[in-house]
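Q: Give me a model of this one.
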Amino acid sequence: MTEHQSVPSAGDVLILIERLVQFAAQRGMLASLLDEYGARNALLDLFRLSEAYGGPAPEERLDSAGPLLEPLLDYGSSIGLIPDNTLTFRDLLDARIMGLLMPRPSEAVAQFKRTAQQQGIKKATDDLYRLSIDSNYIRMDRIAKNQYWEHPTNYGKLEITINLSKPEKDPKEIAVLKTMAQSHYPKCLLCPDNIGYAGRADHPARQNLRVVPLELQGDAWYFQYSPYVYYNEHSIVFHSKHVPMRITRDTFARLLDFVDEFPHYFIGSNADLPIVGGSILNHDHFQAGRHVFPMEIAPIEQTFVDQSVPGLTFSTVAWPMSVIRLSGNDKASVLEAAGQILSAWREYSDADADIRAFTEKDGERISHNTITPIARLRDNGQYELDLVLRNNRTSAEHPDGIFHPHAHLHHIKKENIGLIEVMGLAVLPGRLKSELEQIASLLTGDIAYDSTAVQGGALGKHANWIEAMIAEHGTSLMQEQAEALLTDEVGSKFLEVLGDAGVYKRTVEGQEAFSRFMQSVGLARTS
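A: Okay, here's the model as predicted:
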């Protein structure tokens, strides 16, 4: 929790409420004077006040509600609206406050549809994204703390982020979590039951969440923005029911349906198996947004065609992971080809490339091959579908996954390589910020290097890496040199991570094996 000013008086709170109502009206969250009356009185009730401020709000235009919310949270804590003045409970109250200023879920949907019909889908998503930010559902103040840089490689510039937007829980909050009974509502963070949910210490509040219903292949889905924006307009498309993720032909059809409706967005899915899948495999969902990832602009290497399907091209992409790019104007042809590749890959093994589709355990046949798919609709009307080949087999040498970051990289990235990383954006753990700062102090000599202290301390996981850098660069670097060295080193390690995750390695033998798979599905190489 950050340091706060002294708790405001009840009179100060009345002015803050008036300013907050004015902010919400300016930002279009409150559509009429009647909504302003209702919101003002709801806030007065929340803060246990019986009369409104007697004068007008100061004339101002704020960029965010943050400056108004912080003192309101202080006051709310002082009158017992939250059990502890910790960040988790302040966030619960924050969402409760902003939820009183939001249009009802159905009203937000109606407005989205009106805007899409009258001004186009881009304007509709722009407005919904703005609403998500203005309502503090997307905490741009925290997201701005994330560290970001680009790392040049032979495949283009990779994007690197250190995620600082999810604050760590303090000891009080951890103690509370240990005493809480396990809850099964909502079933997960992606269930529609979250809409309007007040939250609790182990589950975020969602009174300020608004979603838009979609129909994908005849099923009910929803569209929302992610509260943790890893890239521009980072959004989530999730099934209306709590059903597990599965990559099937229907998955590809849903992705293509989505880009028909949202042609300015890409959309993709994590793979559906542990190790190579994302963090939430128990609820079927996709991720979308308006961002050009490094993989999207990586060059084409080999091109193949199916002689029986004119106008459809199959390409392999110059990328550390193994990517098949389908391109064509005919949606049905793209979908049919993608389904055939998925079916073939599910069953495909190549001992020379260390790829095995199945293993046996206790008499059970375990499947290992799957796909991470990404769809786009190009300005020229072409459907583009990237199929990233994945395999989640483990071995004695690589118990966390053969095609997973190997052990020597775990000090930087041990988590699953999901959709975002596949496309070339590293989302690295927040712990790295302070760890890199400490390592920089060793490289500059501000802190004397002691190998025993490093190996036995918080930097122990980085010990081999630190020793290698010191052996090459010494301990007398300028601060700027140390920081540049570390960002370059981290970027290089992320490139290694992607290489480990690639099923076909970037060697002559690996690419020949990739070509064998392409030919096994009846494709002829043209270049």
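Q: in stretch 136-152, what's buried?
A: Of all the residues in stretch 136-152, those buried under the rule 16 or more other CB atoms under 10 Å are 136-139, 143, 146-147, 149, 151. In this view, the C-beta of every residue, glycine as well, is placed from N, C-alpha and C.
Q: got a list of contacts for that stretch?
A: With CB atoms under 8 Å, 6 or more residues apart in numbering as the contact definition, stretch 136-152 has outside contacts at 64-66, 69, 94-95, 98, 129, 132-133, 157-167, 206, 208-210, 225-229, 433, 487-488, 490-492, 494-495.
Q: List buried residues within those.
A: The neighbour-count test (16+ other CB under 10 Å) applied to the contacts of stretch 136-152 identifies 65, 69, 94-95, 98, 129, 132-133, 158-165, 167, 206, 208-210, 225-227, 229, 433, 487, 490-491, 494-495 as buried.
Q: for stretch 334-344, the distance to its chain's centre please.
A: Here stretch 334-344 shows a centroid-to-chain-centroid distance of 27 Å under the convention CA atoms, centre = their mean, to the nearest Å.
Q: what's the answer for stretch 511-524, then?
A: Using CA atoms, centre = their mean, the distance from the centre of stretch 511-524 to the centre of the chain it belongs to is 32 Å.
Q: And the contacts of that stretch?
A: Stretch 511-524 is touched from outside by 301-302, 304-307, 314, 316, 322, 324, 340-341, 344-345, 348, 350, 352-353, 355, 389, 504, 525, with contacts defined as CB under 8 Å, 6+ apart.
Q: can you do 10 Å?
A: For stretch 511-524, the external contacting residues (CB atoms under 10 Å, 6 or more residues apart in numbering) are 301-309, 313-316, 318, 322-324, 337, 340-341, 343-345, 348, 350, 352-355, 389, 502-507, 525.
Q: in it, what counts as buried?
A: By neighbour count on 16+ other CB under 10 Å, the buried set for stretch 511-524 is 511, 513-515, 517-518, 521, 523.
Q: out of these, which are inside strands?
A: When DSSP state E is applied, the buried residues of stretch 511-524 are split such that none fall in strands.
Q: Generate a markdown table for those, with distance to residue 201 and pLDDT as supplementary columns.
A: Formatted as a markdown table, the entries for the buried residues of stretch 511-524 read as follows, by distance: CB to CB, whole Å; pLDDT from 0 to 100:
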| residue | distance to residue 201 | pLDDT |
| --- | --- | --- |
| 511 | 51 | 95 |
| 513 | 50 | 97 |
| 514 | 48 | 97 |
| 515 | 53 | 95 |
| 517 | 49 | 97 |
| 518 | 51 | 96 |
| 521 | 51 | 94 |
| 523 | 54 | 93 |
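Q: Tell me the secondary structure at the residue sitting furthest away from the middle of the chain.
A: For the chain, the C-alpha lying farthest from the average C-alpha position belongs to residue 54; by CA atoms, centre = their mean, that distance is 44.8 Å. In the three-state summary, residue 54 is assigned as coil, counting by DSSP: H, G, I helix; E, B strand; the rest coil.
Q: quick one: contacts for it?
A: By CB under 10 Å, 6+ apart, the contact set of residue 54 is 11, 14-15, 18.
Q: Could you check how far it is from residue 47?
A: When CB to CB, to the nearest Å is the yardstick, residue 54 and residue 47 sit 16 Å from each other.
Q: Measure how buried the closest residue to residue 128 other than its chain neighbours is and give me the count.
A: Closest residue to residue 128 apart from its sequence neighbours, by CB to CB, 6 or more residues apart in numbering: residue 112 at 5.7 Å. Other residues near residue 112 come to 22 when the count uses other CB atoms under 10 Å.
Q: surely residue 112 meets residue 120?
A: No. Here residue 112 does not reach residue 120: they are 11.8 Å apart, not a contact under CB atoms under 10 Å.
Q: tell me what the top helix by length along the chain is packed against?
A: Using DSSP state H to assign secondary structure, the helix with the most residues in the chain is helix 479-501. Where contact means 3 or more CB pairs under 10 Å, 6 or more residues apart in numbering; DSSP states H and E, helix 479-501 is packed against strand 147-153, strand 156-162, strand 383-391, helix 419-422, strand 425-428, helix 431-444, helix 463-473.
Q: So which bits of the last one are buried?
A: For helix 463-473, burial by neighbour count (16+ other CB under 10 Å) applies to 463, 465-466, 469-470.
Q: Looking at those residues, which is nearest residue 236?
A: Distance from residue 236 was checked for each of the buried residues of helix 463-473 by CB to CB. The minimum falls on residue 465, at 34.5 Å.
Q: what sits against the residue nearest to the spatial centre of the chain?
A: For the chain, the residue sitting closest to the mean C-alpha position, by CA atoms, centre = their mean, is residue 230 at 5.2 Å. Residue 230 makes contact with 143, 146, 148, 159, 161, 163, 165, 287, 289, 291, 420, 425-427 under the criterion CB under 10 Å, 6+ apart.
Q: now the contacts of residue 54 in a markdown table, with neighbour count?
A: Putting the contacts of residue 54 into a markdown table (neighbours: other CB atoms under 10 Å) gives the following:
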| residue | neighbour count |
| --- | --- |
| 11 | 11 |
| 14 | 21 |
| 15 | 18 |
| 18 | 21 |
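Q: Can you lay out those residues as JSON lines showing distance to residue 198?
A: Converted to JSON lines, the contacts of residue 54 look like this (distance: CB to CB, whole Å):
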{"residue": "11", "distance to residue 198": "28"}
{"residue": "14", "distance to residue 198": "24"}
{"residue": "15", "distance to residue 198": "26"}
{"residue": "18", "distance to residue 198": "25"}
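Q: Among these, which ones are in strands?
A: With DSSP E as the criterion, strands contain none of these.
Q: my guess is residue 374 contacts residue 291, does it?
A: No. Look at residue 374 against residue 291 with CB under 10 Å: they stay out of range, at 11.5 Å.
Q: So which of these two has more stuff around it?
A: When residue 374 is set against residue 291 and neighbours are counted by other CB under 10 Å, the residue ahead is residue 374, at 25 against 18.
Q: now that one, nearest residue through space, not along the chain?
A: Once flanking residues are discounted, residue 374 sits nearest to residue 268: 3.6 Å by CB to CB, 6+ apart.
Q: If I look at that neighbour, what pLDDT would I see?
A: Looking at residue 268, its pLDDT is 98.
Q: Enumerate the beta-bridge partners assigned to it.
A: Beta-bridge partners recorded for residue 268 (DSSP bridges): residue 287, residue 374.
Q: Quick check: buried residues in stretch 29-46?
A: Neighbour-count burial for stretch 29-46, counted by 16+ other CB under 10 Å, picks out 29-30, 35-36, 39-40, 42-44, 46.
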